[in-house]
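*Asks:* my questions are about this predicted structure, shown below with the sequence.
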Amino acid sequence: GAVVSQHPSRVICKSGTSVKIECRSLDFQATTMFWYRQFPKQSLMLMATSNEGSKATYEQGVEKDKFLINHASLTLSTLTVTSAHPEDSSFYICSAVDSLNEKLFFGSGTQLSVL
Amino acid sequence: GDSVTQMEGPVTLSEEAFLTINCTYTATGYPSLFWYVQYPGEGLQLLLKATKADDKGSNKGFEATYRKETTSFHLEKGSVQVSDSAVYFCALSSSNFGNEKLTFGTGTRLTIIP
């Protein structure tokens, strides 16, 4: 079946540094990808919708200058958390829409811990 | 705005027990409803869905019925197995495929003991 690879699965970084998370569709093309995050005991919340070749659409309350999204190819979207702080510690998960059949597939998530 | 309220976990059951995970929603319009499952180390996978009222989604022995009158989509399984241990997410979307914005519940961790 279709696979979305998300990397890294876990990252620990110091406050003030930037972290990049990759989301790749391995056997299909994805015009649209989504980025979610989940804080402990809360729901998975949509952060942004990423469309290949255009600017991402951010949900209300998500800082676009802090969470940089690049979707430069049909198989790769990246989320960069710039100048990370402890309050950015969360579980980040991506999903990708198969352009051929409109089905949605998820990555396995990235646990970010900012010290 | 749209929201999904899901039974808090964790839930621990013995093998062959009956499972219910409650899910209720608030939404404008007529959303589609989904249950996703996440096994350890893997991405969320679609378990089942229902796109209109009174529809029943089913897969792998799991069932859920779209109840508009109670705004619910409870997940049930008659006899759980150890391999069902996972995190289960209830979600809604304006898209039948769920390939637009999904609104999720908090997830329920299920552990089945032999």
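*Replies:* Nice, thanks for sending it over.

*Asks:* contact residues of chain B facing chain A?
*Replies:* Residues of chain B lying close to chain A (C-beta under 8 Å from any C-beta of the partner chain) are B:4, B:36, B:38, B:41-46, B:89, B:97-99, B:101-107. C-beta: built from backbone N, CA, C; applies to glycine.

*Asks:* and the strand or helix carrying A:Ser77, C-alpha only, in CSV?
*Replies:* Per DSSP states H and E, A:Ser77 falls inside strand A:76-81. Only the C-alpha atoms of strand A:76-81 are listed here, as CSV (Å, rounded to 0.1, in the frame of the first residue of the first chain):
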residue,chain,number,x,y,z
LEU,A,76,8.3,16.0,-0.5
SER,A,77,7.1,18.6,1.9
THR,A,78,9.2,19.9,4.8
LEU,A,79,8.3,21.6,8.0
THR,A,80,11.0,23.7,9.7
VAL,A,81,10.5,24.9,13.2
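
*Asks:* rewinding a little: from the residues of chain B next to chain A, list the buried ones, please.
*Replies:* Using 16 or more other C-beta atoms under 10 Å in any protein chain shown as the burial test, the residues of chain B next to chain A include B:4, B:36, B:38, B:43-44, B:46, B:89, B:97-99, B:101-107 as buried.

*Asks:* next one, pLDDT for B:Gly98 please.
*Replies:* B:Gly98 is assigned 64 on the pLDDT scale.

*Asks:* tell me the average confidence for the helix or strand hosting B:Thr12?
*Replies:* Following DSSP H and E, the helix or strand that holds B:Thr12 is strand B:11-14. Mean per-residue pLDDT for strand B:11-14: 97.

*Asks:* strands of chain A, start to end?
*Replies:* A:4-7, A:10-13, A:19-25, A:32-38, A:45-51, A:57-58, A:67-73, A:76-81, A:90-97, A:104-106, A:110-114 (DSSP state E).

*Asks:* what parts of chain A come near chain B?
*Replies:* Checking chain A against chain B by C-beta under 8 Å from any C-beta, the hits are A:4, A:6, A:9, A:32, A:34, A:36, A:38, A:41-46, A:49, A:93, A:95, A:97, A:102-109.

*Asks:* excluding sequence neighbours, find me the nearest residue to the one residue sitting closest to the centre of chain B.
*Replies:* Among the residues of chain B, the one closest to the centroid is B:Trp35, at 3.1 Å (C-alpha atoms, centre = their mean). Distances taken as C-beta to C-beta, 6 or more residues apart in numbering or on different chains put B:Leu47 closest to B:Trp35, at 4.5 Å, once the chain neighbours are dropped.
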